[in-house]
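**Q** One predicted model, sequence on top.
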Amino acid sequence: MKVLVAEDNKESRYLLEKLLEGHGHEVTTVANGAEALAQALEQPHDVIISDIMMPAMDGFQLCQKCKQNEQLKNIPFIFYTATYTSNEDEKFALSLGADAFILKPAEPDIFIKILSEELEKAKHRSLAPAKVAPLKPSLYLFEYSKRIVAKLEQKVFQLETEITRRKQAEEKMGHLILVLRAIRNVNQLIITEKDRERLIQRACDNLTETRSYYNAWIVLMDEDGRYVLSAEAGLGKNFLPMDELLKKGGLPLCGRKALSQAAVVVTEDPMSTCTDCPFADMYSGKNAMIIRLEHGERIYGLLSVSIPADFVPSEEEQGLLEEVAGDIAFALYGIETEAERELAVEALRESKSRLIKAQEIVHMGDWEYDIEADRFTGSDEAYRISDIEPTTELSFEILRERIHPDDRDIMDKGTKSLLENGVAEPAELRILRPDGSIRHIYTQGEVAHNSAGKAVKLIGINLDITDRKLAEEKIKRSLKEKETLLAEIHHRVKNNMQIISSLLSLQSEDIDDENTRSLLKESESRVRSMALVHEKLYLSKDLSRIDFSDYAEGLAAHLFHIYRVDSGDVSFSSGAKDVYLDIEAAIPLGLIVNELVSNALKHAFPGGREGNIAVELRFNKGTKEFTLTVTDDGIGIPEKIDFRNTKTFGLQLVSILTEQLDASTELDRSGGTSFRITFRKQKYKKRI
C-alpha cells in the first residue's frame, strides 16, 4: 500500500515512516502541504497522512485542495496532529472532507488499526464518497482563522504560564499578543475588503497600529515578477527609495531570497548584512522578516516587517507571519478570481449583445425545438422575422400553420429527415405573417441528443432572404426583357443584312460585266455569312453563342446556291459538333470560312470535276485552343502563290481576320488544299 506522509517535524516524520514500513507499506514523506500536493498529483497514493501546522501550506489547506481535486478526492485523508486537538478542530477538519482525525502521540497498534480501517472502508465502499462542497472563500477563511486564532491563543496561554517563571518571556508575550491582535484585524479585513490596493494598505496599517511591528510594506507583482503596486506603514517618505527600486524591477538581497523560498527570511542587523537595502541605515536596533505572498502556485508579491532586535524571531513568530502572509495571499486570490469572474460575465454579456446585433444586421435568427415538450423558442430576430411576440407559446403545429401551404410538405419532410437520419437538406420556405405579408426564409437545422443517444432537441437558424428573393425576381425580369430586346436586335440586324444581300443579288443580275458580277456575288456571300450569325443567334435559346456546325452547314448551302454548284458533283461535310462560339469569334470565323469555301467552289473543281469540301472545328481542352480546318480535294493552290502576300481580296481578308483572332495559319497543298487555323478564345472588353 502506498502512503504519502506530510510532516514538517523531521523526527516525527522519521518515526512515522519506520512504523509504516514495518507494517509492509511503501512510504513517501514530505515536509509541507505544498510538497505533498505536488507529490500526490505526480504519483497516485492509496492514503494521505498529514500534520496540520506546516510551512508553505498547512494540513487544512492541503485537505481542502485534495478533496476539491477530481484526481485526489477519493483518496482517504487522515489528520495526525499534536497541535490542533480540540473538538472544534476535529469538526473543521472533517468538514473539509477528512476521513479520520488522530491525536499525537497515538499508540502504534491503535494508529495502524485506524489506518487499516480507513483503507478497508475505501476499498469496500460501494459508492464513491460524497463530494465535499467547497466552502465559500469568506466562510472557509472565517473558520480557518478561528482555528488559527484558537491555536494562537493557546500559544499565548502557554507563554503566559511561562511568564511566571521568566521575566524575559513577558516582553515576548506582549509582542506576540500585539502580533495576534494585528493578525485578527487582518483576518477581519481580508474577509470584507474586495479592492486589492486598499487591502494591502490596510493590512500594513493593521500590522503597525497595534505596535506589533515597527513598520510594514507590501509589494505586489504580476505573474512575470513585474511591479504592480505597493503599500507601506510606519516608513513615510523613507519608503520612496525602496519604491523606486521596486518599480525598476530591483529587489534587495532579502527580497530576492524570499522569492526563491517558501519560508520566512530573517535578517539580523540589516545595517551590516544588507548593505544594498535602502532601509539599511534606518534599521539600527531592529531585525527584519520578509516572506513571499503565495497561494497555490501563484506568487503575488512580498510582505516585509521589522521587529525589535531583542526579539530574535522564533518559530512561533515566523509561523504567525507565514499565516498572515498566507491569508493576504488568499484574499488576493479571491479578489483576482472575482475580477476574472466579473470579466467573464461581462464578456459573455457583451458577446450576447454582439450576437443579437449581428443577427439583426444579417436578418438571421436561431431557434430551438424541445421534442418532448413540443415547444419552439428562438432569438429576438427569429421572432421578428415571423412577426411573433417572444412570449407566444409555439408548438410544432402552430408554427406549421405559419408556413405557406405550398411549403408545408417541405417542412414536414425536412423535420422527418432530421429525426430519422440526423440530417436534412437546407430549405427555403415562405412564412405567412399576421398582416398577410410573406417573408422568404432559408432554414437549416440539426439534432441534439442526450447522453443515451436519444434525440431531444432540434436546433437551427432562419435567415430572412426576402430582399434577396425580390432582387432575384427583379433581375430575372430584367434579364428576360434584355434577352427579348437582344433577340429583336439580332432579328432586325439579320433582316437588314438580308435586304442588303438581296439588293446585291438583284443588282448583279443587271450587270453584264462578269468581273463586276463576281465581285457583287462575293460581297453578297460575305454579307450573308454575317447575317447568318445573327439569324442563328436569334433562333438559339442562348443569345450569346451559336452551334458552329449548324452555322457552317447553312453557310455552305448558301454558297453552293450562289455559285450554282451541283451537290452531286461537289459534296460538303462539317465536323464541328458541339462546338460553340460567341459572336465576337463567330463573325470573323464565318467570313474566313466564306472566303475559303467560296475560293474552293470557284477554283478547285474546274470543268465539272467532282470532289469534296470539308469544314471542321475542334476545341482542345488541354491547350484551350480552337482549330479550324477547311479542306478540299481539288486541284490545289499553285506553289507560286503565297496566300499571305496575294493581290486577291479574298485571301487578303483571310489574313486580316486571322490577325484579328490572333491566330496562326498553316497551308497544306498535298492532295488538294487544306487551311489549318489555330486560335484561343479572345478576351474582349466589356460592352457598354
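**A** Sure thing, it's come through. Numbers count the residues shown, from 1 in each chain.

**Q** Show the end-to-end separation of stretch 253-273, please.
**A** 9 Å (Cα to Cα, to the nearest Å).

**Q** any idea how far it is from the chain center?
**A** 47 Å (Cα atoms, centre = their mean, to the nearest Å).

**Q** cool, stretch 27-47 as well?
**A** The answer for stretch 27-47 is 38 Å, by Cα atoms, centre = their mean.

**Q** Which residues belonging to it are considered buried?
**A** Within stretch 27-47, the residues that count as buried by 16 or more other Cβ atoms under 10 Å are 27-37, 39-40, 45, 47. Any C-beta I mention is one placed from the backbone N, CA and C, and that applies to glycine too.

**Q** check contacts around the nearest residue to residue 201 once chain neighbours are set aside.
**A** Leaving aside its sequence neighbours, residue 201 sits nearest to residue 231 (Cβ to Cβ, 6 or more residues apart in numbering; 4.1 Å). The neighbours of residue 231, taking Cβ atoms under 8 Å, 6 or more residues apart in numbering as the test, are 197, 200-201, 203-204, 217-218.

**Q** Of these, select the buried ones using a PyMOL command.
**A** Selection of buried members from the contacts of residue 231 for PyMOL, criterion 16+ other Cβ under 10 Å:
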select buried, resi 200+201+203+204+217+218
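
**Q** from the contacts of residue 231, which two are the most distant?
**A** The span of the contacts of residue 231, defined through Cβ to Cβ, is set by 197 and 217 at 13.9 Å.

**Q** Tell me, please, the helix or strand in the protein that averages the lowest pLDDT.
**A** Every helix and strand of the chain was ranked by mean pLDDT, DSSP states H and E. The lowest is helix 137-163, at a mean of 61.

**Q** Give me the secondary structure label for the residue nearest to residue 201.
**A** Under DSSP: H, G, I helix; E, B strand; the rest coil, the three-state class of residue 231 is strand.

**Q** distance of it from residue 243?
**A** 10 Å (Cβ to Cβ, to the nearest Å).

**Q** Kindly report the same for residue 474.
**A** 72 Å.

**Q** Same question for residue 24.
**A** 59 Å.

**Q** neighbour count winner among those two?
**A** The residue with more neighbours, out of residue 24 and residue 243, is residue 243; 18 against 7, by other Cβ atoms under 10 Å.

**Q** The more buried one sits in which helix or strand?
**A** Here residue 243, judged by DSSP states H and E, is contained in helix 240-247.

**Q** Run the chain-centre distance for that helix.
**A** The answer for helix 240-247 is 43 Å, by Cα atoms, centre = their mean.

**Q** by contact count, what packs against that helix?
**A** strand 227-233 (3 or more Cβ pairs under 8 Å, 6 or more residues apart in numbering; DSSP states H and E).

**Q** Distance check, the residue sitting furthest away from the middle of the chain against residue 500.
**A** The outermost residue of the chain relative to its centre, with distances by Cα atoms, centre = their mean, is residue 512 at 86.6 Å. When Cβ to Cβ is the yardstick, residue 512 and residue 500 sit 22 Å from each other.

**Q** Which strands or helices does whichever helix in the chain runs longest pack on?
**A** Looking across the chain with DSSP state H, the single longest helix is helix 315-362. If you count contacts as 3+ Cβ pairs under 8 Å, 6+ apart, helix 315-362 packs onto helix 137-163, helix 168-192, helix 196-209, strand 286-295, strand 298-308, strand 364-370, helix 380-386.

**Q** buried ones in the next helix or strand after the last one?
**A** Yep, that's helix 380-386 we're talking about. Toward the C-terminal end, the helix or strand that comes next after helix 380-386 (DSSP H and E) is helix 396-401. Across helix 396-401, burial judged by 16+ other Cβ under 10 Å covers 396, 399.

**Q** And helix 396-401, how far out from the chain middle?
**A** 36 Å.

**Q** Ok, stretch 420-431 next?
**A** Using Cα atoms, centre = their mean, the offset of stretch 420-431 from its chain centre is 27 Å.

**Q** again with stretch 394-407
**A** Worked out by Cα atoms, centre = their mean, stretch 394-407 lies 36 Å from the chain centre.

**Q** Which neighbouring elements make contact with the very next helix or strand once past the helix holding residue 243?
**A** Using DSSP H and E, the helix or strand that follows helix 240-247 in sequence is helix 253-259. Packing partners of helix 253-259 (3+ Cβ pairs under 8 Å, 6+ apart): strand 265-267, strand 286-295, strand 298-308.

**Q** what does helix 253-259 rub up against?
**A** So helix 253-259 is in contact with 225, 251, 264-265, 267, 274, 276-277, 288, 290-292, 299, 302, 304, going by Cβ under 8 Å, 6+ apart.

**Q** Only C-alpha atoms, please: export the helix holding residue 243 in CSV.
**A** The C-alpha coordinates for helix 240-247 follow below in CSV (Å, rounded to 0.1, in the frame of the first residue of the first chain):
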residue,chain,number,x,y,z
LEU,A,240,10.3,56.3,-1.6
PRO,A,241,13.9,54.9,-2.5
MET,A,242,12.6,51.4,-2.0
ASP,A,243,9.5,52.1,-4.1
GLU,A,244,11.7,53.5,-6.9
LEU,A,245,13.9,50.4,-6.7
LEU,A,246,10.8,48.1,-6.9
LYS,A,247,9.4,50.0,-9.9
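
**Q** So for it, what gets flagged as buried?
**A** So for helix 240-247, counting by 16+ other Cβ under 10 Å, buried means 242-243, 245-246.

**Q** so where is the stretch 401-550 of the chain shaky, pLDDT-wise?
**A** For the stretch 401-550 of the chain, residues meeting the criterion pLDDT under 70 lie at 478-498, 501, 504, 506-507, 521-522, 528-544.

**Q** what are the ranges of the helices in it?
**A** Counting by DSSP state H, counting those that start in this stretch, the stretch 401-550 of the chain has helices at residues 408-421, 466-509, 514-539, 548-562.

**Q** Quick check: next helix or strand after the last one?
**A** Right, the one you point to is helix 548-562. By DSSP H and E, the next helix or strand past helix 548-562 is strand 570-575.

**Q** So for the very next helix or strand once past that following strand, mean pLDDT?
**A** Downstream of strand 570-575, the first helix or strand assigned by DSSP H and E is strand 580-582. Average pLDDT, strand 580-582: 81.
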